[in-house]
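Participant: Predicted structure and sequence below. I'll ask about it afterward.
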Amino acid sequence: MIKVEYVRDGLIEEFHEGYWVSAKPIKGFSPDNDHNTPYFLRSCAKPLQATLLLDYGLDLKKEELALCCASHAGEDCHIKVAMKIMKKFKIKEEMLKCGIHAPLSKGMQNRMIVRGDSPTPLHNNCSGKHLGFLAICVNKGWSTTDYDAPDHPLQIAVKEKINDLCGITKEYPMTTDGCGVPILSMPLKNLAQGFVRLLEYPQILTAIKTNPYIFGGEGRTDTEIISKTENLIAKVGAGGLCVILNVQECNAFVVKINDASPEARRFALFEIINRIGWGEIKYDNRIKTIAGKVVGQVKVSF
C-alpha cells in the first residue's frame, strides 16, 4: 500500500492511498503483488498499442513513433510531428475520432489565446495514438471511418496484441476510453509484465528515450522522469496510473493512486524510484505559503 500524506505542523490534513505492483521481485522491497483487482489501462496502453505499427512494418521516424505512443501536451512541436504523419499516410484531420480539447500545456493555451487560435483534434493528447491507428488502417486497407469500433479489425488486433504482451488469458471488462476507442482492463501486475515485453521492441523504447518532450511535454510527469533518469521509461495514464520500465533491470512497476491525484502520483513515483535505487530524482516536497514560507511537507510511505 502507498500512502501520500500532506503534513502541516504534525497534523495530516490530506492523504492519498494506492498500490504499487512490480513485474518481478525487487530486492529489499515488497510491492503489492498480490493485489489482483483489474483496472482500465487508459493511456498506459499507448506504447503497447504502438507495437502493431512495427509488427505491420510502418515507416515511422523516431519522433513520429514517440508521438504515436504519447499523451502529449498539444504544443507546436507536437502538432508539427502530427502533420508529418498525416502527410506521410494521406490522413486528413477530419478522419480523427479523438475529439477536440484544449492543449494540456498551459503555455500553449496562452499562446493560442494571443494568436486567436482554436483547438483542433491535433491538440488532443491522444491524437498521436489515433494517427497511428489510422496509419495502420491505411497500410492494411481497412476502413478508416469506423476504426474506433470494437469489432473493427484494428481494434480486434489491438486487443489480441495487448492481451498477448500482458499474458492475459481470461476476459476482463472493456470500456470506451476518453478519446473514443476501446480500452482494456487487467490486474496491475499484467500491465507491468506487458511493459517488460516492450524490451522486444527497442525501436519504441529508443524513440521515447530520445524524444521525451514529444512523448509528453510541458508539465508531463513521464517526460520529467525519462529526462532525469538513465534507464527509465515512464508512461502515465488517467485514473492515477503510471508504469515505470527499467530497461537495464528488465523489470517494471505500476503505481495506482486511488483518488487519481496527479500530484500525489508524482510524489509517490519519485519516492519509489529513489528508494529502490532506480534513479536519483531531486524534487521539492515542501508545502509553502503563497509567499514561499515553508509550513509543512509531503511524506510518502510504502
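Facilitator: Now that the structure is in, tell me what you want to look at.

Participant: how about the helices of the stretch 101-250 of the chain, start to end?
Facilitator: 106-115, 127-140, 153-166, 188-197, 202-210, 212-215, 221-228 (DSSP state H, counting those that start in this stretch).

Participant: May I see those helices arranged in TSV, with mean pLDDT and mean neighbour count as well?
Facilitator: Placement of C-beta: from N, CA and C, glycine included. Shown next, in TSV, are these (pLDDT from 0 to 100; neighbours: other Cβ atoms under 10 Å):
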stretch	mean pLDDT	mean neighbour count
helix 106-115	97	13
helix 127-140	98	23
helix 153-166	98	18
helix 188-197	98	24
helix 202-210	98	18
helix 212-215	98	24
helix 221-228	98	21
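
Participant: closest one to Lys90 among these?
Facilitator: helix 127-140 (6.7 Å; Cβ to Cβ).

Participant: picking up where we left off before, with distance to Ala260 added, can I get the helices of the stretch 101-250 of the chain in TSV?
Facilitator: As requested, these are exported to TSV (distance: least, Cβ to Cβ, whole Å):
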stretch	distance to Ala260
helix 106-115	20
helix 127-140	20
helix 153-166	22
helix 188-197	14
helix 202-210	23
helix 212-215	21
helix 221-228	13
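
Participant: and Met86, which of the ones you listed is closest to it?
Facilitator: Here helix 127-140 is closest among the helices of the stretch 101-250 of the chain (Cβ to Cβ), at 6.6 Å.

Participant: Could you check the angle the closest one makes with helix 153-166?
Facilitator: 110 degrees (axes from the mean of the first three to the mean of the last three Cα atoms, to 10 degrees).

Participant: Can you name every helix or strand that helix 127-140 contacts?
Facilitator: The helices and strands touching helix 127-140, judged by 3 or more Cβ pairs under 8 Å, 6 or more residues apart in numbering; DSSP states H and E, are helix 46-55, helix 62-68, helix 76-89, helix 153-166.

Participant: Give me the next element, helix or strand, following whichever strand in the chain runs longest.
Facilitator: Counting residues, the longest strand in the chain under DSSP state E turns out to be strand 11-22. Downstream of strand 11-22, the next assigned helix or strand under DSSP states H and E is strand 38-40.

Participant: Tell me the helices and strands packed up against that following strand.
Facilitator: Strand 38-40 packs on strand 182-187, going by 3+ Cβ pairs under 8 Å, 6+ apart.

Participant: between the strand it packs on and helix 153-166, how many degrees?
Facilitator: 20 degrees.

Participant: Show me what strand 182-187 packs onto, helices and strands only.
Facilitator: Here strand 182-187 touches strand 38-40, helix 153-166, strand 174-176, going by 3+ Cβ pairs under 8 Å, 6+ apart.

Participant: Please name whichever of those is nearest to Leu245.
Facilitator: The closest of the helices and strands packed on strand 182-187 to Leu245 is helix 153-166. By Cβ to Cβ, the value is 12.3 Å.

Participant: Output that closest one in CSV, but only the C-alpha positions, please.
Facilitator: Extracted in CSV, the C-alpha atoms of helix 153-166 (Å, rounded to 0.1, in the frame of the first residue of the first chain):
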residue,chain,number,x,y,z
PRO,A,153,-10.2,-5.4,-37.5
LEU,A,154,-7.8,-2.8,-36.0
GLN,A,155,-9.4,-2.9,-32.5
ILE,A,156,-9.6,-6.7,-32.6
ALA,A,157,-5.8,-6.8,-33.4
VAL,A,158,-5.1,-4.3,-30.6
LYS,A,159,-6.9,-6.4,-28.1
GLU,A,160,-5.2,-9.6,-29.1
LYS,A,161,-1.8,-7.9,-29.1
ILE,A,162,-2.1,-6.3,-25.7
ASN,A,163,-3.5,-9.5,-24.1
ASP,A,164,-0.5,-11.4,-25.6
LEU,A,165,2.0,-8.9,-24.3
CYS,A,166,0.5,-8.8,-20.8
